[in-house]
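J.: Pasting the sequence and the predicted model now:
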Amino acid sequence: MTYKRKLSFGKIEYEDLQEIVDINEIINYTVFDDWFNFDYKLSQEEENFLTMLLNENILFMDSYLEEELKAQFIIPLINKINFFCKGIRGWYERPLKGIINNVLLHGNPDYMIARGFEKPRTPYFFIQEYKRELGDRHPKNQLLAEMMVAMQLNGEKIMRAAFIIGRIWNFVILKHLDDNKYHYFRSQGFNSLKLNELKEIYINLQAIKGMLTRINPRFAAEQKCH
């Protein structure tokens, strides 16, 4: 398939997205109600884990480089959720590409949950971390481009994701309204250095796992592999 332009996720600007599609941010926090009200009760072991994770990182979070933040805080948190379950698992910096309105969008997302064995396919969720070396370029732009590609690959009309800037997590919902129109919604920020908000982040990620059990019967049947 031919394309007229090529853009990498890591260099994309919001203006680039607006040239490719009709995309607008909508301020409406109620769209997150179903996601953020997931019925999940933390165990005492999980409470202890989150408290320990916070205590170990609270002094260093603001000075961490990207790889340090990822290794010391983000990956342990994701591993605790444990999306790794036979047909579906987490993938770090694996290639993703797609053509949207004759523009090739490509790159390596920081993290995605996807079905696959040796290579990811059918992405369900993304986490994008802020890269200091990109200066003022906002991580949501890269995230939205990745989500649009995944939606096209999956033939879906809605995608969920998150981006991280230091201690702050924001969750995102992207909706594909028609061939060329998208709306996205950004949650209020969750401060991962506040224990109650860290618990909310953890439960919101557990909710993604819960959603996968609803849309993917095989994943639901494999929950015993945790």
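T.: Everything's here; your move.

J.: May I see the buried residues of the lengthiest helix in the chain?
T.: If you go by DSSP state H, the chain has its longest helix at helix 195-215. Neighbour-count burial for helix 195-215 flags 195, 197-212 (criterion: 16 or more other Cβ atoms under 10 Å). For the C-beta atoms, the positions are set from N, CA and C on the backbone; glycine is no exception.

J.: Now do it: which elements does it pack against?
T.: Under the contact definition 3 or more Cβ pairs under 8 Å, 6 or more residues apart in numbering; DSSP states H and E, helix 195-215 sits against helix 33-36, helix 44-57, helix 75-81, strand 120-129, strand 158-165, strand 190-191, helix 217-221.

J.: out of those, nearest to E68?
T.: The minimum distance between E68 and the helices and strands packed on helix 195-215 falls on helix 44-57, with 9.6 Å, by Cβ to Cβ.

J.: So what angle separates the directions of that closest one and helix 195-215?
T.: Angle, helix 44-57 to helix 195-215, by axes from the mean of the first three to the mean of the last three Cα atoms, to 10 degrees: 130 degrees.

J.: Next secondary structure after helix 44-57?
T.: helix 66-69 (DSSP states H and E).

J.: For that next one, buried residues please.
T.: L69.

J.: That one: how far from the chain's middle?
T.: 17 Å (Cα atoms, centre = their mean, to the nearest Å).

J.: same question, stretch 113-121
T.: That offset, for stretch 113-121, works out to 15 Å (Cα atoms, centre = their mean).

J.: Would you mind pulling the contact partners of that stretch?
T.: With Cβ atoms under 8 Å, 6 or more residues apart in numbering as the test, stretch 113-121 has contacts from 83, 87-91, 94, 96, 112, 122-126, 153, 208, 212, 216.

J.: Tell me the buried residues within these.
T.: 83, 88-91, 96, 112, 122-126, 208, 212, 216.

J.: which two in those residues are spaced the farthest apart?
T.: L96 and N216 (19.4 Å).

J.: picking that back up, so can I have JSON lines of the helices and strands packed on helix 195-215 showing mean pLDDT?
T.: Output for those, formatted as JSON lines (pLDDT from 0 to 100):
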{"stretch": "helix 33-36", "mean pLDDT": "96"}
{"stretch": "helix 44-57", "mean pLDDT": "98"}
{"stretch": "helix 75-81", "mean pLDDT": "96"}
{"stretch": "strand 120-129", "mean pLDDT": "92"}
{"stretch": "strand 158-165", "mean pLDDT": "96"}
{"stretch": "strand 190-191", "mean pLDDT": "98"}
{"stretch": "helix 217-221", "mean pLDDT": "47"}
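
J.: returning to what we had before: give me the residues contacting the longest helix of the chain.
T.: Residues contacting helix 195-215 (Cβ under 8 Å, 6+ apart): 35-36, 38, 40, 42, 46-47, 50-51, 53-54, 77-78, 80-81, 83, 88, 113, 124-125, 160, 162, 169, 171, 190-192, 219-220, 223.
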